[in-house]
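Peer 1: what follows is a protein structure lacking sequence information:
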């Protein structure tokens, strides 16, 4: 669904460009409609854990908006909760990347769902995990003065595990479309 809206906006922009010579007065209004439509929903995706995790971010709005970061988890795999129950495990977190393009962006604390408490052969005690899909929500706010800032970059830190072992932790970068 997300791609359909952006595809529609792109096709509409091409159509408007072709008709600009016929009706210049309508061209500006058409561009405003394209901008509004393309800002309604934007997403970006990236894989980690040898393809077992698909990370994506969706942002609604223009300079200030709610975001949804999700991690789709392959069957038979899980990721650790934000606060792992064992010290040797790495929790799943999202941060703004340490990048100068992010200087004027602020990411609110994210809300996480309650983790599952499960037992695995590699751990003596049960651990807090997420299976199937982890969805986190928050707000991304632009506090700068530039009219067209660079898109912010988020980093998703996660550690994928199956029922016997854990892969090394990974940091996956996501560009939030602006």
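Peer 2: Arrived safely, thanks for sending. Because the structure is predicted, anything quoted here is derived from the model rather than measured. Numbering: from 1, shown residues only.
Peer 1: got any ranges where the protein has weak pLDDT?
Peer 2: Counting by pLDDT under 70, the ranges of the chain that qualify are 1-43, 61-64, 178.
Peer 1: give me the most central residue, it.
Peer 2: Centroid-nearest residue in the chain: residue 57, 1.7 Å away (criterion: CA atoms, centre = their mean).
Peer 1: can you pull the contacts of residue 70?
Peer 2: 55, 56, 57, 58, 133, 134, 135, 136 (CB atoms under 8 Å, 6 or more residues apart in numbering). From N, CA and C alone the C-beta is placed, and that goes for glycine too.
Peer 1: surely it is in a helix?
Peer 2: No. Secondary structure of residue 70 (DSSP: H, G, I helix; E, B strand; the rest coil): strand, not part of a helix.
Peer 1: separation between it and residue 99?
Peer 2: Counting by CB to CB, to the nearest Å, the gap from residue 70 to residue 99 is 22 Å.
Peer 1: how many neighbouring residues does the closest residue to the residue nearest to the centre of the chain other than its chain neighbours have?
Peer 2: Nearest non-adjacent residue to residue 57, counting by CB to CB, 6 or more residues apart in numbering: residue 174, 4.6 Å away. Taking other CB atoms under 10 Å as the criterion, the count of residues near residue 174 is 22.
Peer 1: and residue 174, what element?
Peer 2: strand 170-175 (DSSP states H and E).
Peer 1: is the residue nearest to the centre of the chain bridged to anything, and to what?
Peer 2: residue 44, residue 69 (DSSP bridges).
Peer 1: residue 107 reaches residue 94, doesn't it?
Peer 2: Yes. With contact defined as CB atoms under 8 Å, residue 107 reaches residue 94; the gap is 7.5 Å.
Peer 1: which one of the two is surrounded by more residues?
Peer 2: Neighbour count, other CB under 10 Å: between residue 107 and residue 94, residue 94 has more, with 22 against 18.
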